[in-house]
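>>> A structural model of the following input is requested.
(2 chains)
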Amino acid sequence: MNVERLTGLSIEALYALAEKMGLDLPAGLERLFVMESILEAFEEDLVDRKSSGQTASHMEEKKFSGSELDEIDASLDAAPCIENRYNETVIHLIPRDPEWAFVFWDIKDDDFDGLCRGSESAGLILRVGMNPGPDGTCQDSFDVNVSQEDDHWYLQLPEADADYRVELYARCNPRPRLLARSNTIRTPRALTAESMDALDETAVEVAALSGLDSLMPQQVPDRHPSRILGGFDD
Amino acid sequence: METGSIALVLNAHLPFVRQPDYPSFLEERWLFEALSETYLPLLRLFARLETEKIPWKITMAVSPTLLAMLADQLLKDRYVAWLEKQLELAGKELERCEGDPVFFPLAQTYYDLYLQNLDDFKVLHGGNVLAVLDFYYKKGRLELMTSGATHSFLPMYRAYPESIAAQVENAVVTFRSAFGRSPSGFWMPQLGWYPGIEKTLSAYGLQYTIVTTRSAMLGKPTPLTGSYAPLSCPNGFMTYVRDVAATESVWSETDGYPADPAYRDFYRDIGFDLPVDYVGPYIDQNQVRTYTGFKYWAITGHTDQKVPYDADLASAKAVEHAENFLYSRTRQARKAAALMDRPALMVAPYDAELFGHSWFEGLQWLEALFRKAQGTSELRFVTLGEYRKEYPEAQKSVPEFSSWGEGGYAAAWLEKSNAWIYRHSFKIAERMVELAERFPNESGLRERVLNQAAREALLVQASDWPFLLRAGKSGSFARKQIEDAVTNFCRIYEMLCANTVGTEWLTHLEKRNNIFPNINYRVFRRKR
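Purely as a prediction, here's the structure:
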């Protein structure tokens, strides 16, 4: 993004861009001040993006040579322009890594209107079940409370290499009402399938030579999903 | 005595970008730039090595989307037109830099590059790059693999076996129509592997793939040979393991060879540096500044004060880095082979476009690698298929779900910027199965409609769009690609539900998204 590019935008567009970038500017500023604020914020964002990105990803990005429009795109973080739902009651669960899964759902308008008719609904519940059996019962479960406006969530899961399923409930009195049940997923292993102690010395040495140490779980990355969403259920 | 083998694997891939409705299109340049800086120079490299009888072996995955674009006449014509414009700009650069002892030779280099590309593409290859790849394939120097039909990140669609089958089937069919034989190897897009996919791959006659070290080491049971030998799934499907050290030395932008200060800087380009009045005719039609390919500065370091690029210095560095690579791999192989009953295999997979395009001197490095390895007895280059014939036995182990993306799993394709895609692509995957079940024996117009629906269902699954959305590069374009495929599919779905077909619209769409001409929508029938 540069001054030349911003000069072509109307003052309204500049204010809209500033708002998208999270800048709270007082009304009635000279356009020069608005442009300066945007450029400063953009430079800060750029430094953040560069430092949080992984180097190999940057290498791969180069084959998609971009343009100066990329900078505005990245700042605008625009939403898709298509209808975001299919008016059905459904929930999907996707494993992301050993610790996290992504869940998204939709509630059919008719079901939504009828939620807890006669009683006051106070949102939705995601009931996360671990290792569900064939009879539907789970070895363990925990609840995540979400609002009726939410339609997706990142779930932190207690164990790697385990099966999970999520049930979507309307929070009603006297008891929650089941709306949908997700597919079952398995989270990947974060550690080797067998303890290294169980392997012979040669295998352990070859594993070390293969870079096994560099693959072991690391500290929580900067791109923590809870930061992406800006808030997690307790 | 031979202690190790190196399998260099290049993944040549670009997403399907073809916009016949516009006279020119910014993102079509991805193909033109890759042709100019990677694919055509790579073919020249192969020819030089052959002429000088220097032994070389490379395994190369060519994605179905790239195959389709390389065979497409509209894109071929546009590439020639683009090259002519590049030559025009190169001519202007020669004038601008005349008398400058530093920049004029560089301008001359670019002029020569584009002139050579134009001559090679039009005259030497007759526009048929695939035929040249096939020539080396038949000679046994180059082993070709296929990849997911639209380079989908397959672990994301594991709940949709019909989509997985469609990704694999259309890849195999596309490969067969390009090269007249079936592929043996399958490149997992983004090295995204999950347990169970080997059954689908084997069902289509595929025999091997490459997985990350993480996939292999976290597999079950734990491999006893680390990353130095392939593994075999219980059904016999073989998984080669990416070598961490060999890949990091090239991939890492901070610690890898491409980060050397002497190499050409990718980002400093006259498209951004010179006045719009000057570069205007050679950038986007809307005068949006973009890369032109004319770059005169060296990486230098973490500074804006770049020093001019010195081609001789950079070439010497590429040779030095090739020697270092061979030296490091030899030491590594010695250590590993001492612990094994066979020479250590080091599999080094890279994006093909890294060489020449992203890392300008990468092809010189590659060439030096083969030249320097000539005559050494400790290391040799092999293709994956060749190795499999030589060592058909492998430890039984099923690799774990993993990828080569950030974090090692699915995080790069599933985060704030791109998670919205799956709400649509999953729905489309479900609806495509529904359509294939409802209309199993269609012909004529309705079959055309269903086949186009299948194309759109595959296009929406491309892993490139979530990658670009996350990277903040060409974000609007990536979003539009998804939106268009979703909108097209939904329109077809509604037409079929209403039993009406807009023939004119369909024909227009078939002409635009003309990938997979032999697609059979029935691949989406429910897997029982």
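>>> and the helix or strand encompassing B:Asp277, how far out from the chain's middle?
Element membership of B:Asp277 [criterion: DSSP states H and E] is helix B:276-279. Offset of helix B:276-279 from its chain centre (Cα atoms, centre = their mean, to the nearest Å): 32 Å.
>>> likewise stretch B:2-16?
The answer for stretch B:2-16 is 11 Å, by Cα atoms, centre = their mean.
>>> can you give me the end-to-end distance of it?
Criterion Cα to Cα, to the nearest Å; first-to-last residue distance in stretch B:2-16 is 42 Å.
>>> low-confidence ranges in chain B?
Along chain B, the model assigns pLDDT under 70 to residues B:285-286, B:528.
>>> Show me what the helix holding B:Asp277 packs onto, helices and strands only.
Using 3 or more Cβ pairs under 8 Å, 6 or more residues apart in numbering or on different chains; DSSP states H and E as the contact test, no helix or strand touches helix B:276-279. Using the backbone N, CA and C atoms, a C-beta is placed for each residue, glycine as well.
>>> Only the buried residues of the helix or strand following that helix, if you could.
Where DSSP H and E defines the elements, the next helix or strand beyond helix B:276-279 is helix B:311-337. Neighbour-count burial for helix B:311-337 flags B:311, B:314, B:317-319, B:321-322, B:325-326, B:329-330, B:332-333, B:336-337 (criterion: 16 or more other Cβ atoms under 10 Å in any protein chain shown).
>>> moving C-terminal of helix B:311-337, what's the next helix or strand?
By DSSP H and E, the next helix or strand past helix B:311-337 is strand B:344-351.
>>> do that following strand and chain A meet?
Yes: Strand B:344-351 reaches chain A (Cβ under 8 Å from any Cβ of the partner chain) through B:Asp351.
>>> List the buried residues for that strand?
Applying 16+ other Cβ under 10 Å to strand B:344-351 flags B:Ala344, B:Leu345, B:Met346, B:Val347, B:Ala348, B:Pro349, B:Tyr350, B:Asp351 as buried.
>>> How far does the helix or strand just after that strand sit from its chain's centre?
Once the chain leaves strand B:344-351, the next helix or strand it forms, by DSSP H and E, is helix B:362-373. Relative to its parent chain, helix B:362-373 has a centroid offset of 20 Å by Cα atoms, centre = their mean.
>>> likewise stretch B:370-389?
That offset, for stretch B:370-389, works out to 23 Å (Cα atoms, centre = their mean).
>>> C-alpha coordinates for that stretch, PDB please?
What follows is stretch B:370-389, C-alpha atoms only, in PDB (Å, rounded to 0.1, in the frame of the first residue of the first chain):
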ATOM      1  CA  PHE B 370      24.500 -33.500 -11.100                       C
ATOM      2  CA  ARG B 371      27.800 -32.300 -12.500                       C
ATOM      3  CA  LYS B 372      29.600 -32.600  -9.200                       C
ATOM      4  CA  ALA B 373      28.000 -35.900  -8.300                       C
ATOM      5  CA  GLN B 374      29.300 -37.400 -11.600                       C
ATOM      6  CA  GLY B 375      31.900 -40.100 -10.900                       C
ATOM      7  CA  THR B 376      31.300 -40.300  -7.200                       C
ATOM      8  CA  SER B 377      30.800 -43.800  -5.900                       C
ATOM      9  CA  GLU B 378      29.200 -43.000  -2.600                       C
ATOM     10  CA  LEU B 379      26.100 -41.200  -3.700                       C
ATOM     11  CA  ARG B 380      23.800 -41.700  -6.600                       C
ATOM     12  CA  PHE B 381      20.600 -40.200  -7.800                       C
ATOM     13  CA  VAL B 382      17.500 -42.400  -8.200                       C
ATOM     14  CA  THR B 383      13.900 -42.100  -9.100                       C
ATOM     15  CA  LEU B 384      11.300 -43.400  -6.700                       C
ATOM     16  CA  GLY B 385      10.100 -46.100  -9.100                       C
ATOM     17  CA  GLU B 386      13.600 -47.200  -9.800                       C
ATOM     18  CA  TYR B 387      14.300 -47.600  -6.100                       C
ATOM     19  CA  ARG B 388      11.100 -49.500  -5.600                       C
ATOM     20  CA  LYS B 389      12.100 -52.000  -8.200                       C
END
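>>> what bits of chain A have low per-residue confidence?
Looking at chain A by pLDDT under 70, you get A:1-5, A:7-8, A:20-22, A:42-60, A:68-80, A:116-121, A:217-234.
>>> where do the strands sit along it?
A:90-95, A:100-106, A:124-132, A:138-146, A:152-156, A:163-170, A:177-181, A:185-186 (DSSP state E).
>>> about what we covered before: and the buried residues of helix B:311-337 near chain A, which?
Among the buried residues of helix B:311-337, chain A is touched by B:Gln332, B:Ala336 when using Cβ under 8 Å from any Cβ.
>>> what's the neighbour count on B:Lys527?
By other Cβ atoms under 10 Å in any protein chain shown, 12 other residues sit near B:Lys527.
>>> got it, and A:Glu205?
16.
>>> cool, A:Ala16 as well?
13.
>>> and of the buried residues of strand B:344-351, the nearest to B:Leu363?
B:Tyr350 (11.9 Å; Cβ to Cβ).
>>> give me every residue that touches that closest one.
B:Tyr350 makes contact with B:Leu8, B:Val9, B:Leu10, B:Asn11, B:Thr247, B:Val250, B:Trp251, according to Cβ atoms under 8 Å, 6 or more residues apart in numbering or on different chains.
>>> repeat for B:Arg470
Counted by Cβ under 8 Å, 6+ apart, B:Arg470 has contacts B:Ala412, B:Trp413, B:Glu415, B:Ser417, B:Asn418.
>>> before we move on, what about B:Ile515?
B:Phe16, B:Arg18, B:Pro64, B:Thr65, B:Ala68, B:Arg455, B:Leu459.
>>> Could you check how far the second one is from chain A?
Distance check for B:Arg18 against chain A: by Cβ to the nearest Cβ, to the nearest Å, it reads 16 Å.
>>> Give me the three-state assignment for B:Cys490.
Three-state call for B:Cys490 (DSSP: H, G, I helix; E, B strand; the rest coil): helix.
>>> what's the helix or strand for B:Gly91?
B:Gly91 belongs to helix B:73-96 when elements are defined using DSSP H and E.
>>> what number of residues lie near residue 82?
In the absence of a named chain, chain A is used. 14.
>>> my bad, chain B
22.
>>> So for it, what's the nearest residue that isn't a sequence neighbour?
Among residues not flanking B:Trp82 along the chain, B:Phe32 sits closest, at 4.7 Å (Cβ to Cβ, 6 or more residues apart in numbering or on different chains).
>>> cool, A:Thr184 as well?
Nearest residue to A:Thr184, sequence neighbours excluded (Cβ to Cβ, 6+ apart): A:Arg165, at 4.6 Å.
>>> ok, the buried residues of strand B:344-351 vs chain A, which is closest?
Taking Cβ to the nearest Cβ as the measure, B:Asp351 is the one of those closest to chain A, at 6.0 Å.
>>> How about the secondary structure of the residue lying closest to that closest one once chain neighbours are set aside?
Distances taken as Cβ to Cβ, 6+ apart place B:Asn11 nearest to B:Asp351, at 5.5 Å, with adjacent residues excluded. Assigned state for B:Asn11: strand (three-state reduction, three-state DSSP).
>>> For B:Asn11, give me its contacts.
B:Met60, B:Ala61, B:Ser63, B:Ser147, B:Trp187, B:Pro349, B:Tyr350, B:Asp351, B:Ala352.
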